[in-house]
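Asker: Sequence plus the predicted model coming up.
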Amino acid sequence: MHKIKLIALFVTVFLISGCYQWQGEFNTRITGLRLKLGGDVVAIGIVEHYSRYPLFNMSGWGRGVPKVHGRKGRVYFYNIKEQKIEEKVSIKFPKEWDAGDHVIALHVWKGEGIYFKLAGCPKMNQNCNEAEHYHLLSNGKIDQVKEFPRVTKEYSKSLLGDSAYQTYNNEVLTINVGHSGAWEPILIYKNHNLLPVDENNIK
């Protein structure tokens, strides 16, 4: 009798789960880079989520359509000189944004802080322009704002100098700083981790 109850419980849980993977596969991607004026700190925006694929794919299309959950964005500051990486904020995307691409877009540095936005779409309107705007300080303090500040001509001119740029070669994603023709690799992104470049992780 006890075994029958256990089997019944297992079947019930299996059906409730919708025949999908329980936790799912962890996925991350870099969606924003912004070098601070002066070139000593770079901000990195990373989006993460879990993809739960069907255990039994009846669609005939690859692995089937996954259910995505746990969407979250993180912003890191990397001090280039000190080779110090710090996570400054972890923020969840609104649950109703359940369709389309989700990004952290880094805007402009202002003093010791940076402006950024979360962007995504609800399933019923996949061509939307939903966004939440924030101001993040180097001490981790974060405030939601209605909109980004206006970018001045002086600031726009300053962006013509060094910047941050990512490349992907030989299955390695590298974050570089500098300008065209003079890029210097400073970080690699491997197994969902940011790692300072040294002789052990880059050739």
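Answerer: Okay, I see it.

Asker: CA atoms for contacts and neighbours, from now on please.
Answerer: Will do.

Asker: OK, contacts around the closest residue to residue 147 other than its chain neighbours?
Answerer: In this structure, residue 147 finds its nearest non-sequential neighbour in residue 133, 6.0 Å apart by CA to CA, 6 or more residues apart in numbering. For residue 133, the contacting residues are 115, 116, 117, 118, 144, 145, 146, 147, 148, by CA atoms under 8 Å, 6 or more residues apart in numbering.

Asker: Tell me the secondary structure at the third one.
Answerer: To tie it back to what came earlier, the one meant is residue 117. At residue 117 the chain is in strand, as set by DSSP: H, G, I helix; E, B strand; the rest coil.

Asker: Ok, the last one next?
Answerer: Under the three-state scheme (three-state DSSP), the conformation of residue 148 reads as coil.

Asker: what's the burial count for it?
Answerer: 14 (other CA atoms under 10 Å).

Asker: what's the answer for the fourth one, then?
Answerer: Summarising burial for residue 118: neighbours were counted as other CA under 10 Å, giving 22.

Asker: Equivalent analysis for the one 3 residues further on, please.
Answerer: Other residues within reach of residue 121, judged by other CA under 10 Å, total 21.

Asker: any idea how far it lies from residue 46?
Answerer: 18 Å (CA to CA, to the nearest Å).

Asker: Give the lowest-confidence helix or strand of the protein, using mean pLDDT as the measure.
Answerer: The helix or strand of the chain with the poorest confidence is helix 2-16; it has a mean of 56 (mean pLDDT, DSSP states H and E).

Asker: What's the first helix or strand after that helix?
Answerer: Moving toward the C-terminus from helix 2-16, the next helix or strand (DSSP states H and E) is strand 25-35.

Asker: so after that following strand, what's the next helix or strand?
Answerer: Following strand 25-35 toward the C-terminus (DSSP H and E): strand 41-52.

Asker: Name the surrounding residues that touch that next one.
Answerer: 20-36, 66-80, 102-106, 164.

Asker: and that strand, C-alpha only, in CSV?
Answerer: Extracted in CSV, the C-alpha atoms of strand 41-52 (Å, rounded to 0.1, in the frame of the first residue of the first chain):
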residue,chain,number,x,y,z
VAL,A,41,36.3,51.0,-14.5
VAL,A,42,34.1,49.1,-16.9
ALA,A,43,30.4,48.2,-16.1
ILE,A,44,29.1,44.8,-17.4
GLY,A,45,25.4,44.0,-17.7
ILE,A,46,24.5,40.3,-17.6
VAL,A,47,21.1,38.7,-18.1
GLU,A,48,20.4,35.2,-16.7
HIS,A,49,17.5,32.7,-16.9
TYR,A,50,16.6,29.0,-16.7
SER,A,51,15.2,27.1,-19.7
ARG,A,52,13.0,24.1,-18.9
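
Asker: Taking their axis directions, it and strand 25-35 sit at what angle?
Answerer: 160 degrees (axes from the mean of the first three to the mean of the last three CA atoms, to 10 degrees).

Asker: Measure how far strand 41-52 is from the centre of its chain, please.
Answerer: Relative to the chain's own centre, strand 41-52 is displaced by 2 Å; criterion: CA atoms, centre = their mean, to the nearest Å.
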